[in-house]
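K.L.:
Predicted model and sequence below, questions to follow.
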Amino acid sequence: MRWFIFCYWYEPDAPSDPVGLVRIWTLARQLVEQGDSVTVLPPRYRSSLLQRGFSTAPIPLLSWPVLRPLSYAVLSCLVGLVLACKSKPDIVYYRWMNSPHPLLYARLVGAQCVCEVNGEPVPDWSETDRGLKRRLTHWLASCALRRCDRVVVLTDGLRDLVIHRYRVAAERVAVVPSGTDTGLFAPQNATTCRRRFELDPERDYIGFVGSFYRYQGLQCLLDAMAIVRRTRPSVHLLLVGDGEAVPELKQQAERLALTSCITWAGRIPYREVPAWIGAMTLCVAPFRGDRGETSPVKVFDYLACGRPVIASAIPSVSAIFSIEAGVALVPPDDPVSLAEAVVALLDDRERQFHMAKQGRRFIEQDYSWMHLTTRLKEWLAARPAPIHHAHSSVL
């Protein structure tokens, strides 16, 4: 099959090179390894120019806020039409982006259109989408999702949301969760990793990797760290990533007298993430309780690297993970419970070892990217269900 993948993505605090396209790069690479032809049409970011293993057609953007997505929509369609003249795609795959242009493009070139929904299209917890903008976005999402040939979602909760809120036929929706590259994300020797980053090899390190947004629950993590330090003063915190919440997090760390026991690694190249995880004793994913539906990518990466994990028991996490999969679940927004779980795990080396082994095995069995891509292709190869609308005579 020949795939065209549209994937606009933008993080306001990192306009030069957002990191949100990692799943797309990995999917494209896995499809090529399984014999398909793939062309990705990403915004012209630095990371877009560095991708290897599949074709890319980086799309230049106009940098003004409103014109950014509009310029991507118009230019990506024009470039896609030129490329389709040479080789027509069988599948147009796109991540929901507040715009129906990939669907319109797929209809023009006669390709099957597949929309990936990796988060709530119009989040209830959003602090920015209000009023008219929110209603317009919801209407666009409803129109696009009901008219796509297939919809791929990352969690069971998103599947229910797409079916009930956006009235997409259940037979056209499939859950294909996130996973991880089990070749890149693999267990490494902790002492070696710590020495590489000039960390004390004898200390215990609690680690977090991700974007520093408020929904990640890092405020709760810092409060828990203050509690942990009362009985384990040598424990250190590794925070890998960056984002809008950094200034207030650093103020909180100073207020809690944690500055000396935190390493702020900042944004790092993607291929270095496994080594940072390797330096950690245990990893955390302290999502806030109001996070909404999310695919916990970081948890898959942690487990693939052979590290025990403590995570908030929000629905999208507890639906996949358990202690048998190497993940200890705690109530969200509860620093005392998080601290108690951290201390209990630090005090039990045998439990750490077993959780790490179970987590890696869990990922290898069901959540490697090779396995997930095969599932996606098999589902798309089956005959698609017809699209039914309530007012088909009008449409």
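P.N.:
Yep, it's here. Numbering: from 1, shown residues only.

K.L.:
Extract the CA atoms of the host helix or strand of Leu239 and return them as CSV.
P.N.:
For Leu239, the host element (DSSP states H and E) is strand 236-240. Extracted in CSV, the C-alpha atoms of strand 236-240 (Å, rounded to 0.1, in the frame of the first residue of the first chain):
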residue,chain,number,x,y,z
HIS,A,236,17.4,12.8,43.5
LEU,A,237,14.8,13.8,40.9
LEU,A,238,15.6,13.7,37.1
LEU,A,239,13.2,15.9,35.1
VAL,A,240,13.7,15.4,31.3
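
K.L.:
Give the buried residues for the helix or strand just after it.
P.N.:
Sequence-wise, the next helix or strand downstream of strand 236-240 (DSSP H and E) is helix 246-255. By 16 or more other Cβ atoms under 10 Å, the buried positions in helix 246-255 come out as 246, 249, 252-253. (Each C-beta comes from the backbone N, C-alpha and C, glycine too.)

K.L.:
Mind giving me the packing neighbours of helix 246-255?
P.N.:
helix 218-231, strand 262-266 (3 or more Cβ pairs under 8 Å, 6 or more residues apart in numbering; DSSP states H and E).

K.L.:
elements contacting the host helix or strand of Cys77?
P.N.:
With elements taken from DSSP H and E, the one containing Cys77 is helix 67-86. Counting contacts by 3+ Cβ pairs under 8 Å, 6+ apart, helix 67-86 packs against strand 2-6, strand 37-41, helix 101-109.

K.L.:
Deepest in the core, which of those is it.
P.N.:
Among the helices and strands packed on helix 67-86, strand 2-6 has the highest mean neighbour count (mean count of other Cβ atoms under 10 Å), at a mean of 24.

K.L.:
ok so, going back, what's the offset of the helix holding Cys77 from the middle of its chain?
P.N.:
25 Å (Cα atoms, centre = their mean, to the nearest Å).

K.L.:
tell me the strands in the chain, going along the chain?
P.N.:
2-6, 37-41, 55-56, 91-95, 112-117, 150-153, 173-175, 205-209, 236-240, 262-266, 282-285, 309-312, 327-330 (DSSP state E).

K.L.:
Name the spans of the protein whose pLDDT lies under the cut-off.
P.N.:
11-19, 124-130, 383-395 (pLDDT under 70).

K.L.:
and it, what are its domains?
P.N.:
2-179+370-381, 190-367 (automatic domain parsing).

K.L.:
Kindly present the buried residues of helix 246-255 as TSV, with separate columns for distance to Val122.
P.N.:
Output for the buried residues of helix 246-255, formatted as TSV (distance: Cβ to Cβ, whole Å):
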residue	distance to Val122
Val246	27
Leu249	28
Gln252	30
Ala253	34
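
K.L.:
Show me which of these is closest to Pro331.
P.N.:
Checking these against Pro331 by Cβ to Cβ gives Gln252 as the nearest, at 20.4 Å.

K.L.:
give the contact list for the closest one.
P.N.:
219, 222 (Cβ atoms under 8 Å, 6 or more residues apart in numbering).

K.L.:
Reformat the strands of the chain as CSV; add distance to Pro65.
P.N.:
Listed next are the strands of the chain as CSV, based on distance: least, Cβ to Cβ, whole Å:
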stretch, distance to Pro65
strand 2-6, 20
strand 37-41, 21
strand 55-56, 25
strand 91-95, 20
strand 112-117, 24
strand 150-153, 28
strand 173-175, 32
strand 205-209, 28
strand 236-240, 28
strand 262-266, 25
strand 282-285, 31
strand 309-312, 32
strand 327-330, 38
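
K.L.:
wait, which of those is closest to Cys143?
P.N.:
Using Cβ to Cβ, the nearest of the strands of the chain to Cys143 is strand 112-117, at 11.5 Å.

K.L.:
Now do the strand holding Leu239: which elements does it pack against?
P.N.:
Against strand 236-240 (3+ Cβ pairs under 8 Å, 6+ apart) you get strand 205-209, helix 218-231, strand 262-266, helix 273-278.

K.L.:
Neighbouring strands of it in the sheet, and parallel or not?
P.N.:
strand 205-209 (parallel), strand 262-266 (parallel) (DSSP bridges).
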